[in-house]
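>>> quick one: sequence and predicted model below, then my questions.
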Amino acid sequence: MLDVHPPHHAASTWRDFLIHIATICVGLLIAIGLEQTIEAIHRAQERRAFIAAFHAECEENLKSLDSNVAAAQSAVVYFRAAIVALRDARPQADFVTVTLPSRVSTARRHTPSRAVWTAAKASGKVALLDDSLAQVYDRVDFEAARCEEALPPISKASARLDYFKLRNNLEVKPEATVRLTLAQRDELQDLFTDLAIAVDVRGGWAAEWQGATRAVLDGVVKRDAMFPYIDQAAAATRPK
């Protein structure tokens, strides 16, 4: 805080008085300028730290997203092949015997994080970014939110499949051979279809999150420039 000290002796002329007032004004202006300069430096440091943290989170997320997208594609291929195997199985005495297809194993990773952007919105640090860059980061979080919203249907469909196996005392897994009634065959087809759809939807959102994340890491600073990344990533997940 700036302390203004009274003069050691009273101003005896208007000239002395004006000099004294001018000195105080100059001192105040210098103090305000220094304070604003320090604040600007501090904001710039906070902005750089925020951007660095978001980029670091994107780099870490990209590893998980690459794995998640690959796992979703592998799962969809498996479910589609299983549906075809069940469909084409020929009944014998009102039963079908089906050997389920194999499935490529894909290592799982931790769920990607949204912590940096969430914390920035809560603390008001989003205001450190210019509007264009804030829109880019917000688009990444938008894709992340859609990806997370796609998880409950997968959990629900997986639980239904688990109860189907329990209820019918069946081991339904890749490369297993199962003997089913026609009603069980139809129900299992429906369960695989529900799972395939749910996983395919989440894989698509994960791919769009992946594309938006790559755009940030490539230095994109305008939202419109993100769309080619997002479209390319989403197109790569579509069935061949």
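Looks like it arrived, so ask away. Numbers count the residues shown, from 1 in each chain.
>>> was I right to think residue 199 contacts residue 76?
Yes - using CB atoms under 8 Å, residue 199 is in contact with residue 76, at 5.7 Å. C-beta: built from backbone N, CA, C; applies to glycine.
>>> the more surrounded of the two?
More crowded of residue 199 and residue 76, by other CB atoms under 10 Å: residue 199, with 23 against 19.
>>> ok so the more buried one is a strand residue?
No - counting by DSSP: H, G, I helix; E, B strand; the rest coil, residue 199 is not part of a strand but helix.
>>> ok, now which ones touch the closest residue to it other than its chain neighbours?
Closest residue to residue 199 apart from its sequence neighbours, by CB to CB, 6 or more residues apart in numbering: residue 75 at 4.8 Å. If you count contacts by CB atoms under 8 Å, 6 or more residues apart in numbering, residue 75 has them with 103, 195-196, 199, 203.
>>> least confident of those?
Among the contacts of residue 75, residue 103 has the lowest pLDDT, at 85.
>>> pretty sure that one contacts residue 74?
Yes - counting by CB under 8 Å, residue 103 does reach residue 74; the two are 6.5 Å apart.
>>> now the one residue sitting closest to the centre of the chain: how far from residue 151?
Geometric centre of the chain, nearest residue: residue 144, 2.9 Å, by CA atoms, centre = their mean. In this view, residue 144 and residue 151 are 12 Å apart by CB to CB, to the nearest Å.
>>> cool, and residue 179?
33 Å.
>>> would you map the helices across this structure?
Secondary structure of the chain by DSSP state H: the helices cover 14-88, 115-123, 131-149, 151-168, 182-217, 227-236.
>>> tell me the helices and strands packed up against the fourth one.
Right, helix 151-168. Secondary-structure packing of helix 151-168 (3 or more CB pairs under 8 Å, 6 or more residues apart in numbering; DSSP states H and E): helix 182-217.
>>> go on, the second one?
Helices and strands in packing contact with helix 115-123 are listed as helix 14-88, helix 131-149; criterion 3+ CB pairs under 8 Å, 6+ apart.
>>> give the buried residues for the shortest one.
Translated: helix 131-149. 133-137, 139-141, 143-144, 146-148 (16 or more other CB atoms under 10 Å).
>>> which one of the residues you listed sits closest to residue 124?
The nearest member of these to residue 124, counting by CB to CB, is residue 134 at 12.1 Å.
>>> look up how far residue 50 lies from the closest one.
Distance, residue 134 to residue 50, using CB to CB: 11 Å.
>>> verify the stated contact: residue 171 with residue 165.
Yes - using CB under 8 Å, residue 171 makes contact with residue 165 at a distance of 7.1 Å.
>>> so for these two, which residue has more residues nearby?
Taking neighbours as other CB under 10 Å, residue 171 and residue 165 compare with residue 165 leading, 15 against 9.
>>> any stretches of the chain with poor pLDDT?
For the chain, applying pLDDT under 70 flags the ranges 1-12, 14, 16-17, 31, 33-42, 105-110, 239-240.
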